[in-house]
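Have a look at this prediction, sequence included:
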Amino acid sequence: MKKITLFSDGSALGNPGPGGYGAILRFGDKEREISGGEEHTTNNRMELLGVIEGLKALKEPCEVDIVSDSSYVVKGINEWLRDWIKRDFKKVKNPDLWKEYIEASKVHKINAIWVRGHDGHIENERCDVLAKSEAQKMKEIIK
């Protein structure tokens, strides 16, 4: 099983507002950047969508370290998801995306790791740039 690192970040200009996500997939010395956005979204949705899109880009089952500055995403994956599933996502925000995450992650072995945002973490900073750039593109589209 390949060992992949997935760095991810999300951004929304306003909450809700135009938003974007950025992700970097790393396998050995190879990297691939992924980014995208939505016209009307929240920061948490973009944080989670970055992870989902990164996982969807993998072509085979992998061991994946997800590195994010979003405690919502990291705690959701590591701590809360089991209970949310048990109670059928009642009173859970973004159940559509969490269900999409479950689907995208089911063939992989996942380990989510939290890093402090805006603290000089090179890949996190790059993902932040990608996410903000996509959010800005969305803002321009809806003008």
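Looks like it came in fine.

Could you give the number of residues near Asp65?
16 (other CB atoms under 10 Å). No exception for glycine: its C-beta is placed from N, CA and C like everyone else's.

For it, list the residues it contacts.
Lys3, Ile4, Thr5, Leu6, Asn111, Ala112, Ile113 (CB atoms under 8 Å, 6 or more residues apart in numbering).

Which neighbours in the sheet does the helix or strand harbouring it have, and how are they oriented?
Element membership for Asp65, per DSSP states H and E: strand 62-68. The strands beside strand 62-68 in its sheet (DSSP bridges) come out as strand 2-12 (parallel), strand 109-114 (parallel).

residues touching Leu13, list them.
Going by CB under 8 Å, 6+ apart, Leu13 touches Gly19, Ala135, Gln136, Met138, Lys139.

same deal with Asn44?
By CB under 8 Å, 6+ apart, the contact set of Asn44 is Gly10, Ser70, Tyr72, Val73, Lys93, Asn94.

how about stretch 117-131 as PDB, C-alpha atoms only?
The C-alpha trace of stretch 117-131 is given here as PDB (Å, rounded to 0.1, in the frame of the first residue of the first chain):
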ATOM      1  CA  GLY A 117      -2.400  27.300  10.600                       C
ATOM      2  CA  HIS A 118      -0.400  30.300   9.500                       C
ATOM      3  CA  ASP A 119       2.600  29.100  11.400                       C
ATOM      4  CA  GLY A 120       5.200  28.700   8.600                       C
ATOM      5  CA  HIS A 121       4.300  25.100   7.700                       C
ATOM      6  CA  ILE A 122       5.300  25.200   4.000                       C
ATOM      7  CA  GLU A 123       2.700  22.900   2.600                       C
ATOM      8  CA  ASN A 124      -0.100  24.300   4.700                       C
ATOM      9  CA  GLU A 125       0.900  27.800   3.600                       C
ATOM     10  CA  ARG A 126       0.900  26.700  -0.100                       C
ATOM     11  CA  CYS A 127      -2.600  25.100   0.300                       C
ATOM     12  CA  ASP A 128      -3.800  28.300   1.900                       C
ATOM     13  CA  VAL A 129      -2.600  30.300  -1.100                       C
ATOM     14  CA  LEU A 130      -4.400  27.800  -3.500                       C
ATOM     15  CA  ALA A 131      -7.600  28.000  -1.400                       C
END
